[in-house]
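Student: Okay, here's the prediction I keep looking at, along with the sequence it came from:
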Amino acid sequence: MPKKYVLNTDSSNNNTFPNSHATAEPGQPPASVFTISDGEIAGYHINKDPFPLASIELQTANSSEGADDDDDSEDDEEEEEEEEEKSTWNGRFEFVLSVLGYNIGLGNLLRFPYLCMKNGGGAFLLPYFLFLIVLAVPLYVLEMSVAQYSGMTPIRLFGNIAPVFKGIGWSNVITCFVLNIYYSVVIGWILFYLVNSFYVPLLWSSCKNQWKDANCFEVNRTAPRPEYVTNCSEYQLFDRARKTVTETFYEKYMLDISSGVEQWGGIRWQVFVTLLAAWIIIYLCVFRGIHSFGKVVYLTVLFPYVALTTLLIRGVLLPGSREGILYYLTPDWPRLATLTPWIDAAQQIFWSLGPTWGALIMLASHNRFSNNIYRDAILTPIVCSMTAFLGGFVIFSYLGNMAWKLNTGIDCIFKSGPTMAFIVYPDAVLNLPFPQIWSVIFFILILTLAVDSEFCTFETMYQCLADEFRILKRRQWLSKLIMTIVSLLLGLPMTTNAAHYIYQLMDWYHVTLLSFVALVEVICLAYVYGSQRIRKDVEVMTGIKMTKAWDFYWRIPLLAILAGLLIMTLVSHEAPTYGNYQYPPGAIVFGWVLAATVVIPLPVFAIHSLLQQAYCPPVKYNSKTEAMRTLVTQTEEWYIRIRINSDGLVK
């Protein structure tokens, strides 16, 4: 039999939470009684104060009230079987590690150094760390505070804050879903290189293989090369005519790249096997929810720091590493007079730190109510960015050594993204003693970085869908297995000869319009829900009084920054290329359609909510104005779930 509670929202009551827990005391029941059955509430009335949680009492009502309870008991018990008890982290350290694991991905180690090289070396650090403070930290505090306060995942959170904004949660799901498809392909490529790192000698150390290209050459056998390659232009001209053995290994042996995105060819079975292995790893990490990957992050987050330190110590001992590190740190201040470094810095914040992807909300929703979320929301993005800064020293020390050997500039050999991981670094380790060891360390490093980012976004997608479709919670392991198989099948085009082109296209357009989602999210939280209420929520949870400056910043400067970023992203956007290859118009159209899928849920769910309230509202209202007002006010479920979350009835 479900328990009954009554709600006292009398603001004059002095029995408020000191920190995190409401008290259950006997008292006179008010006019309305509600029934709690597996988190679902029925038959209640709430006086919606501006800050209702500040004065709450849950009081036990007479369990004999309600003559029809026995008739509904069987249905309630069935619902209880479907709904899982809300899980919480075993400790704050698990939560922090999970957030770091989600944040610290391939973008930090591979893309951040490239952006530094592209945008004036050390000069790029200024806009990057500036946007860290003015963009990432405010968004982190905003998202994670509301998530911990409510204990809700994105779809349920935004749907209960203001039903008209429910599309934000679905945008988060689509963002994570698309990322999971192509990010898992990169994990498969990493596994392929990791396995091949155990060969003696390394397969990419010599052109004497059956997959060699006619233009293949070996870097460590090109002593005459510096004699006629005297500058970067000549090097790049030479590089177009010839291919290093690592380029040949990547393009011919692993992917057998076709001439264009339209030429799919057949499935590369060795790539398919590694993609399958990648999804098996991901599934094993997530099949039990946060209970499983809450333990995995101890390895996948802590090991990269050990590996980075090891690689850095080895790298700085190489000849030429000093020049590489100086190139990384020396600022070219005139570059900051252009818009490109500023746009790249802001986009890197969105790509590497992942605000408005939904994963931060999912992770924070599993916190204990009294966790110091204000501290965590500020520290985690800073630690993540400092890790990217550390990774830059590692990458540039090895690039400096390569440039020294080739007698050319670092900017001539630097490449971004997967090309950096699968061509430049494997080339760099060839002339190190015991190259297999350094290759294994590097690929395990980027494997752990990629895997924990992947299973956080996968878990976000699952939990959001499970909140909407409860049947998914009956057999969590089976639901996730089906989702894994579907994602694997959708990734099959990236096991063909056109794999690299498809991957680059998805990676290029996937988050192009994410700043628009962030803009709508800030409007929802700072204006509709209220920035003052968020500050009060943080005080109720942690005892920390946030300054009123947060209200002003969330409402005006943050919105202005996001709007400006969206405009500049659209104005400065360029089509992707791969070497001399230009994508056809059809591929560009596909890319923009992919970008649009992230924002389409916003108007779709807003229009659906408006039409529903206008023509078939679930409850009878006194007027259409009252019905429409409910679309931008918190639902009754919102208030009840907060009371449950804060009182510990759902753990």
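Tutor: Everything's here; your move.
Student: switch to C-alpha atoms for all contacts and neighbour counts from now on
Tutor: Noted.
Student: Please put the alpha-carbon coordinates of stretch 379-386 into PDB.
Tutor: Provided in PDB are the C-alpha atoms of stretch 379-386 (Å, rounded to 0.1, in the frame of the first residue of the first chain):
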ATOM      1  CA  LEU A 379      36.300  23.400 -10.200                       C
ATOM      2  CA  THR A 380      35.600  20.600 -12.700                       C
ATOM      3  CA  PRO A 381      35.700  22.800 -15.900                       C
ATOM      4  CA  ILE A 382      38.900  24.400 -14.600                       C
ATOM      5  CA  VAL A 383      40.600  21.100 -14.000                       C
ATOM      6  CA  CYS A 384      39.500  19.900 -17.400                       C
ATOM      7  CA  SER A 385      41.000  23.000 -19.100                       C
ATOM      8  CA  MET A 386      44.200  22.700 -17.200                       C
END
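Student: contacting residues around it?
Tutor: Stretch 379-386 has contacts (C-alpha atoms under 8 Å, 6 or more residues apart in numbering) with 96, 99-100, 103-104, 108, 129, 132, 136-137, 140, 353.
Student: Which two among those residues are spaced furthest apart?
Tutor: Across the contacts of stretch 379-386, the longest distance by C-alpha to C-alpha is 20.7 Å; it joins 96 and 129.
Student: that older thread, for the contacts of stretch 379-386, point out the one with the lowest pLDDT.
Tutor: Scanning these for pLDDT, the low point is residue 108. It has 86.
Student: Phi, psi for that residue please.
Tutor: Dihedral angles of residue 108 (phi, psi; degrees, to the nearest 10) stand at phi -70, psi -40.
Student: didn't it look like it was pressed against residue 387?
Tutor: Yes - using C-alpha atoms under 8 Å, residue 108 is in contact with residue 387, at 7.5 Å.
Student: For those two, indicate the residue with more neighbours.
Tutor: Between residue 108 and residue 387, counting by other C-alpha atoms under 10 Å, residue 108 is the more crowded of the two (26 against 18).
Student: Pull the contacting residues for that one.
Tutor: Residue 108 neighbours (C-alpha under 8 Å, 6+ apart): 352, 385, 387-388, 391.
Student: those strands in this protein, which residues are they?
Tutor: With DSSP state E, the ranges of strands along the chain come out as 3-8, 33-37, 40-42, 57-60, 216-217, 243-244, 577-578, 581-582.
Student: how about the helices in the stretch 51-200 of the chain?
Tutor: 69-82, 92-103, 106, 112-118, 125-131, 137-150, 154-161, 167-196 (DSSP state H, counting those that start in this stretch).
Student: Distance to residue 425 and mean neighbour count added to the ones you listed, as a markdown table?
Tutor: A markdown table is the format used below for these (distance: least, C-alpha to C-alpha, whole Å; neighbours: other C-alpha atoms under 10 Å):
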| stretch | distance to residue 425 | mean neighbour count |
| --- | --- | --- |
| helix 69-82 | 49 | 13 |
| helix 92-103 | 22 | 23 |
| helix 106 | 14 | 25 |
| helix 112-118 | 13 | 23 |
| helix 125-131 | 23 | 19 |
| helix 137-150 | 32 | 24 |
| helix 154-161 | 38 | 25 |
| helix 167-196 | 12 | 23 |
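Student: for those helices, which one sits closest to residue 292?
Tutor: helix 92-103 (11.0 Å).
Student: Which strands and helices lie in contact with that closest one?
Tutor: If you count contacts as 3 or more C-alpha pairs under 8 Å, 6 or more residues apart in numbering; DSSP states H and E, helix 92-103 packs onto helix 290-316, helix 340-353, helix 359-365, helix 373-406, helix 435-468.
Student: Quick one: list the elements packing against the third one.
Tutor: Secondary structure elements in contact with helix 359-365, counted by 3+ C-alpha pairs under 8 Å, 6+ apart, are helix 92-103, helix 137-150, helix 435-468.
Student: mean confidence for stretch 435-446?
Tutor: 94.
Student: quick one: low-confidence parts of the chain?
Tutor: For the chain, the stretches with pLDDT under 70 are 1-86, 211-215, 217, 219-242, 414-418, 647-651.
Student: mind checking how far residue 319 is from residue 402?
Tutor: Relative to residue 402, residue 319 is positioned 9 Å away (C-alpha to C-alpha, to the nearest Å).
Student: which of the two has more neighbours?
Tutor: A count of neighbours by other C-alpha under 10 Å puts residue 402 above the other of residue 319 and residue 402, at 28 against 17.
Student: before we move on, back to that, looking at the helices of the stretch 51-200 of the chain, which is nearest to residue 520?
Tutor: Comparing the helices of the stretch 51-200 of the chain by C-alpha to C-alpha, helix 167-196 comes nearest, at 7.8 Å.
Student: Packing partners of that closest one?
Tutor: helix 154-161, helix 269-286, helix 435-468, helix 476-490, helix 499-509, helix 514-522, helix 585-599, helix 601-615.
Student: now these as CSV including distance to residue 371?
Tutor: Shown next, in CSV, are these (distance: least, C-alpha to C-alpha, whole Å):
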stretch, distance to residue 371
helix 154-161, 19
helix 269-286, 24
helix 435-468, 20
helix 476-490, 27
helix 499-509, 35
helix 514-522, 23
helix 585-599, 31
helix 601-615, 31
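Student: rewinding a little: tell me which of the helices and strands packed on helix 92-103 sits most buried.
Tutor: Using mean count of other C-alpha atoms under 10 Å, the stretch among the helices and strands packed on helix 92-103 with the greatest mean number of neighbours is helix 359-365 (a mean of 28).
Student: Format the CA atom coordinates belonging to that helix as CSV.
Tutor: Coordinates of the C-alpha atoms in helix 359-365 are reproduced here as CSV (Å, rounded to 0.1, in the frame of the first residue of the first chain):
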residue,chain,number,x,y,z
ALA,A,359,25.3,14.8,-19.6
LEU,A,360,26.1,17.3,-16.9
ILE,A,361,22.5,17.3,-15.9
MET,A,362,22.3,13.6,-15.8
LEU,A,363,25.5,13.2,-13.8
ALA,A,364,24.5,15.9,-11.2
SER,A,365,21.0,14.5,-10.8
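Student: wait, isn't residue 447 in contact with residue 192?
Tutor: No - between residue 447 and residue 192 there is no contact under C-alpha under 8 Å: 10.8 Å.
Student: Tell me which of the helices and strands packed on helix 167-196 approaches residue 116 most closely.
Tutor: Among these, helix 499-509 comes nearest to residue 116, with 18.6 Å by C-alpha to C-alpha.
Student: Thought residue 327 was touching residue 121, still the case?
Tutor: Yes - taking C-alpha under 8 Å as the definition, residue 121 is a contact partner of residue 327 at 6.3 Å.
Student: Run a quick neighbour tally on residue 421.
Tutor: Applying other C-alpha under 10 Å, we find 21 residues neighbouring residue 421.
Student: and if you look at residue 318?
Tutor: Neighbour count of residue 318, defined by other C-alpha under 10 Å: 16.
Student: so it touches residue 401, yeah?
Tutor: Yes - Residue 318 is within contact range of residue 401, at 6.2 Å (criterion: C-alpha under 8 Å).
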